[in-house]
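Engineer: what follows is a predicted protein model with its sequence.
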Amino acid sequence: MEVSGWGRHPVTTADILEPVDSEMLKKIVTAQKKSDSLICRGAGRSYGDSSLADKIISSRFLDSFLELNETQNTIRCGAGVSLDAILKLCIPRGLFLKVVPGTRYVSVGGAIAADIHGKNHHVDGSFCNHVQSISLMLASGEIFFCSEHENSELFHASCGGMGLTGIIVDATIVLDKISSTSIQQQSLVANNLRECFDLLEENNSSKYSVAWLDCLSRGNELGRSMVFLGEHVDASQSKQNSNSTLKYRASRGINIPFSTPGFLINKLSMSIFNKTYFNLKKAGKQKSNVNYNSFFFPLDNIGIANWNKLYGSKGFVQYQFVIPSDAAFEGIQQVLNKVSSAGKGSFLSVLKKFGPENKNLLSFPKEGYTLALDFKREEQIFPLLDELDQIILEHDGRIYLTKDARMSEAVFKAGYSNWEDFLKIKTQFDPSCIFASKQSNRLGLS
Ligand SMILES: Cc1cc2nc3c(=O)[nH]c(=O)nc-3n(C[C@H](O)[C@H](O)[C@H](O)COP(=O)(O)OP(=O)(O)OC[C@H]3O[C@@H](n4cnc5c(N)ncnc54)[C@H](O)[C@@H]3O)c2cc1C
């Protein structure tokens, strides 16, 4: 069967294996030979080839809730459960995930394997900072319990380990208490990149922050952007009654059954950005209470479920990198200059601030700034992305694995200084290297 990640590039032919219980999973894993690659796949929301292999094991059957502890605010669930399903169960109980990405349709296993981040990394760290423990099926078929205190080396290799140490079967996650699903949002305009950095720095204590950048602007307007800050509304301080505000909301999106010409996505984002930007510029700083869906998951809410098809039949590549704070402004300025003069990037890009890195060996975030840009796939973008790689490395940065579809082994190894320690642990628990993806083969991790 032909399969791809969210960016629809690359496309590969794979056997999709759909175990129905742990016994069947164990049989598949222990029968695996090194001659072909085997990797687990959750919701397939990673962009490139990290969940692609000759054989792909679906985690879909791991969809049970095992325990909700409302005294300790923890949930234990199967790794195939989606973040959306957790929110549906937890929101009416006044609980929320500590870290959510830009879409709620990712699985718990995928969130842990990529150690994903949200708009609050500078305050709360990444998803795995709130994972108490995981159960991991190893290449031997045994299931190991791993946490910060037990099998901690394996824990820190598997959190952010892109499925290469084994299959996460279930996890216990610590949740946040909330009294309302509303987010008090503050929207600000930045006329250029310097102003945008200044706003993010000044508002470092804001729980959530993110900037949308127009990446085709140039000269004095390079990096013109909108900055969005957010805090959970405290129902006891507002007139709202918490019972009425603790409501889960599903988003409704139509499916587009075919690919559309790539220019449509730019047209769509350009019109949304320009309208909001100029309104905001006229009105000045704005405060409003918005529903959590529109604050955290704007892309789930644009009304089109599979918006990735808007990039056309060749798909697209997302390029996300982080540069440490002291070099971030200069590095990001160079990247934006290159992208805008090549006229290749999509109209919108997303900038966030990261706090300190954690102990996970292959986790992406480190203290600094991260920028994510989309590129419609066409042959000319690959040499451009190679040039961007060099800018990132010169500024001591690295590229996000869960978005990557094309980085070289040398660029990966230069950016991820713990790769050798990771490989030692992988080899200890997976000596025949049965867990491998198209990405790990390309990056020299399998
Ligand atoms: C619209 C959109 C917005 C996004 N926004 C953000 C964001 O704000 N921040 C962010 O960090 N990421 C973001 N992402 C990326 C996404 O969060 C990650 O790619 C995440 O890993 C996807 O989870 P998944 O279940 O779809 O995993 P998949 O794509 O299926 O797999 C991703 C990786 O996880 C591994 N994996 C999956 N399940 C298991 C398991 N049970 N055991 C072991 N390994 C497993 C796979 O082998 C693979 O290496 C976004 C993606 C989209 C499409």
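Structural biologist: Everything's here; your move. Remember, it's a predicted structure, so these values are computed and weren't measured experimentally.
Engineer: OK, contacts around the residue of the stretch 151-300 of the chain found nearest the ligand?
Structural biologist: Here the stretch 151-300 of the chain gets closest to the ligand at one residue, Gly163, 2.6 Å apart by C-beta to the nearest ligand atom. C-betas here are computed from N, CA, C, even on glycine. The neighbours of Gly163, taking C-beta atoms under 8 Å, 6 or more residues apart in numbering as the test, are Ile39, Cys40, Ser50, Ser51, Gly109, Ala113, Phe435, Ser437.
Engineer: that's a helix at it, yeah?
Structural biologist: No. With DSSP: H, G, I helix; E, B strand; the rest coil as the criterion, Gly163 is coil rather than part of a helix.
Engineer: among the contacts of Gly163, name the ones in helices.
Structural biologist: Gly109, Ala113 (DSSP state H).
Engineer: give me the buried subset of the contacts of Gly163.
Structural biologist: Ile39, Cys40, Ser50, Ser51, Gly109, Ala113, Phe435, Ser437 (16 or more other C-beta atoms under 10 Å).
Engineer: give me the subset of these touching the ligand.
Structural biologist: Applying C-beta under 6 Å from any ligand atom to these, one finds that Ile39, Cys40, Ser50, Ser51, Gly109, Ala113, Ser437 fall near the ligand.
Engineer: residues contacting the last one?
Structural biologist: For Ser437, the contacting residues are Ser37, Ile39, Asp49, Ser50, Ser51, Leu52, Ala53, Met162, Gly163, Leu164, Ser446, by C-beta under 8 Å, 6+ apart.
Engineer: pull up the per-residue confidence for the first one.
Structural biologist: If I follow you right, that is Ser37. According to the per-residue confidence, Ser37 scores 94 in pLDDT.
Engineer: same check, this time on the third one
Structural biologist: On pLDDT, Asp49 comes in at 98.
Engineer: I'd assumed Pro10 was in contact with it.
Structural biologist: Yes. Taking contacts as C-beta atoms under 8 Å, Asp49 lies within contact range of Pro10: 5.6 Å.
Engineer: common neighbours of the two, please.
Structural biologist: Shared contacts of Asp49 and Pro10, defined by C-beta under 8 Å, 6+ apart, comprise Ala405, Lys438.
Engineer: give me the more crowded residue out of these two.
Structural biologist: Here Asp49 and Pro10 are compared on neighbour count by other C-beta atoms under 10 Å; more neighbours surround Asp49, at 24 against 18.
Engineer: how much space between that one and the ligand?
Structural biologist: The gap separating Asp49 from the ligand is 9 Å, by C-beta to the nearest ligand atom, to the nearest Å.
Engineer: check the spacing between the closest residue to that residue other than its chain neighbours and Gly166 real quick.
Structural biologist: Once flanking residues are discounted, Asp49 sits nearest to Lys438: 3.8 Å by C-beta to C-beta, 6 or more residues apart in numbering. Lys438 sits at a distance of 18 Å from Gly166 (criterion: C-beta to C-beta, to the nearest Å).
Engineer: how about the residues of the protein near the ligand?
Structural biologist: By C-beta under 6 Å from any ligand atom, the part of the chain that sits against the ligand consists of 6, 39-46, 50-51, 59, 79, 101-103, 106-107, 109-111, 113-114, 116-118, 162-163, 167-168, 299, 402, 437.
Engineer: let's go with 5 Å and repeat that
Structural biologist: Neighbours of the ligand within the chain, by C-beta under 5 Å from any ligand atom: 6, 39-46, 50-51, 59, 79, 101-103, 106-107, 109-110, 113-114, 116-117, 162-163, 167-168, 299, 402.
Engineer: just the buried members of these?
Structural biologist: 6, 39-46, 50-51, 59, 79, 101-103, 106-107, 109-110, 113-114, 116-117, 162-163, 167-168, 402.
Engineer: which residues touch the residue nearest the centre of the chain?
Structural biologist: Centroid-nearest residue in the chain: Ile116, 4.6 Å away (criterion: C-alpha atoms, centre = their mean). Residues in contact with Ile116 (C-beta under 8 Å, 6+ apart) are Val99, Pro101, Val106, Gly110, Ser126, Phe127, Thr402.
Engineer: surely it is within a helix?
Structural biologist: No. Ile116 is assigned coil when assessed by three-state DSSP, not a helix.
Engineer: quick one, grab the pLDDT at it.
Structural biologist: You'll see Ile116 listed with a pLDDT of 98.
Engineer: just the one 4 residues further on next, same as before
Structural biologist: In the predicted model, Asn120 carries a pLDDT score of 98.
Engineer: before we move on, what about Ile272?
Structural biologist: pLDDT recorded at Ile272 is 75.
Engineer: can you classify it as helix, strand or coil?
Structural biologist: Under three-state DSSP, the three-state class of Ile272 is helix.
Engineer: for it, the count of nearby residues, please.
Structural biologist: Per other C-beta under 10 Å, the neighbour tally for Ile272 reads 15.
Engineer: for it, give its distance to Phe278.
Structural biologist: For Ile272, the distance to Phe278 - C-beta to C-beta - is 12 Å.
Engineer: again, but for Leu25
Structural biologist: Leu25 is 53 Å from Phe278, where distance means C-beta to C-beta.
Engineer: and those two? Which one has more around it.
Structural biologist: Leu25 (22 against 11).
Engineer: having no further points to raise, I will conclude here.
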